[in-house]
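[1] Quick one: sequence plus predicted model below, questions after.
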Amino acid sequence: MTIKFNVADLVINGEWDENSRLLLLEDLGGTINLSGRVMGWKFSGRAVIETGLDNLIYLRLDEIAGIPGFLMPWVLKLSLRFNKVILKREALIVRKDRVLIDPNLLFAESGNGKVLIQPKNGVEKEPENVMPKLRERILNWAKEHGGKFAGGITEMVLVVPDLVLLLIKLMKDDGIPVELKLKITLAVAYVVSPIDLIPEALGNVLGFVDDTLVMAILITRLVEEIPKEIIYDNWNGRADILELVLKGKDLLLKMFPANITKKINSLFGSSPKEAAVAIEENDPL
């Protein structure tokens, strides 16, 4: 089997955050023109590069000629796996008309950093696909670990999907400054992706508490910088729950080591003064 890749108008922009050790990639785009031969058939096609809220890279296949279209994802996956020293099998998922790539499993030797994709296009179409899975994951976590927390922590965690929907609405609100919209996009991508900043030893128990902290920090900043009415106009849940999240931020901060709160603050934009206070209040690892 032979296959040639011709990358057209590929766009990759990103920024490395040293505190969190995250490579923050902006929305990827472009096309890959494909041609080759498999089992005696000559074929051609195109893979359109897309991203969503699940931190995956999608190669959507179209304009396939020369072979049945349903074979093309498998051909592409096999070709990407030829160099087994570089690529991991687990990073590639075949669907009916596309191949999904997990950037954090893509390379066998990825080091200590992680990749977080910040989607910009088509985000408004994603909630109906993402929210049911997120709610299910959170409910499963709450059943197993929710009883270990007090002071409304579990209640705050359970409302995270509603907070994500709130942020998605705010992304489209003209009253939100561009800088804050970028932070909102990053926060939404963080919560719905598998990325975690907390140590693996704490991961099972605190699995969604850090997501709740991200929401609380960001929404607190929004309240400080935009009229509170804008937030409540876009909030469909109980008003007392939103107030609980705002008031619970300090409690959430105290649940994490200083290095974790520093990472979260560096990414999701509390003020330098607030970040300093959070670090002083926490004991180092």
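    The structure has been received and is ready for your questions.

[2] Strand partners (parallel or antiparallel) of the one helix or strand residue 61 maps to?
    Element membership for residue 61 (DSSP states H and E) is strand 57-65. Paired strands of strand 57-65, with direction, are strand 41-51 (antiparallel), strand 98-101 (antiparallel) (DSSP bridges).

[3] According to the record, where do the domains of the protein fall?
    2-116, 124-281 (automatic domain parsing).

[4] Please identify the deepest-packed of these.
    Ranked by mean neighbour count under mean count of other CB atoms under 10 Å, these are led by domain 124-281, which reaches a mean of 17. The way it works is simple: take the backbone N, C-alpha and C, and place the C-beta from them, glycine included.

[5] pLDDT of that domain, averaged?
    Mean pLDDT, computed over domain 124-281, is 72.

[6] Next up, the contacts around the nearest residue to residue 64 once chain neighbours are set aside.
    Distances taken as CB to CB, 6 or more residues apart in numbering place residue 45 nearest to residue 64, at 4.0 Å, with adjacent residues excluded. By CB atoms under 8 Å, 6 or more residues apart in numbering, the contact set of residue 45 is 33-35, 61-65, 72.

[7] out of these, what pair is the most spread apart?
    35 and 62 (14.4 Å; CB to CB).

[8] Please report the distance of the residue nearest to residue 64 from residue 249.
    49 Å (CB to CB, to the nearest Å).

[9] And for residue 133?
    26 Å.

[10] Next, the contact list for residue 25, please.
    12-14, 103, 115-118.

[11] Mind checking the strands paired with strand 57-65 for the one nearest to residue 168?
    Of all the strands paired with strand 57-65, strand 41-51 comes closest under CB to CB, at 15.4 Å.

[12] picking up where we left off before, redo the contacts of residue 45 as a markdown table? Include pLDDT.
    Compiled in a markdown table, the contacts of residue 45 are given as follows (pLDDT from 0 to 100):
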| residue | pLDDT |
| --- | --- |
| 33 | 82 |
| 34 | 79 |
| 35 | 80 |
| 61 | 81 |
| 62 | 79 |
| 63 | 78 |
| 64 | 80 |
| 65 | 83 |
| 72 | 74 |
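
[13] residue boundaries of the strands in the stretch 101-250 of the chain?
    114-118 (DSSP state E, counting those that start in this stretch).

[14] Between the strands paired with strand 57-65, which one is closest to residue 236.
    Closest among those, once you apply CB to CB, is strand 41-51, at 26.6 Å.

[15] what angle separates that closest one from strand 114-118?
    Inter-element angle recorded for strand 41-51 and strand 114-118: 80 degrees (by axes from the mean of the first three to the mean of the last three CA atoms, to 10 degrees).

[16] Distance from the chain centre to strand 41-51, please.
    Mean-position distance between strand 41-51 and its chain equals 25 Å (CA atoms, centre = their mean, to the nearest Å).

[17] Repeat that for stretch 173-183.
    Taking CA atoms, centre = their mean, one finds the center of stretch 173-183 at 18 Å from the center of the full chain.

[18] what's the span of that stretch from first residue to last?
    Length of stretch 173-183, first residue to last, CA to CA, to the nearest Å: 14 Å.

[19] and stretch 100-111, what's its mean pLDDT?
    69.

[20] What residues does residue 98 make contact with?
    Contacts of residue 98 by CB under 8 Å, 6+ apart are 58-61, 73.

[21] which non-adjacent residue is nearest it?
    Nearest to residue 98 is residue 60, by CB to CB, 6+ apart, at 4.6 Å.

[22] So which elements touch the lengthiest helix in the chain?
    Looking across the chain with DSSP state H, the single longest helix is helix 127-145. Helices and strands touching helix 127-145, by 3 or more CB pairs under 8 Å, 6 or more residues apart in numbering; DSSP states H and E, are helix 153-158, helix 160-171, helix 178-192.
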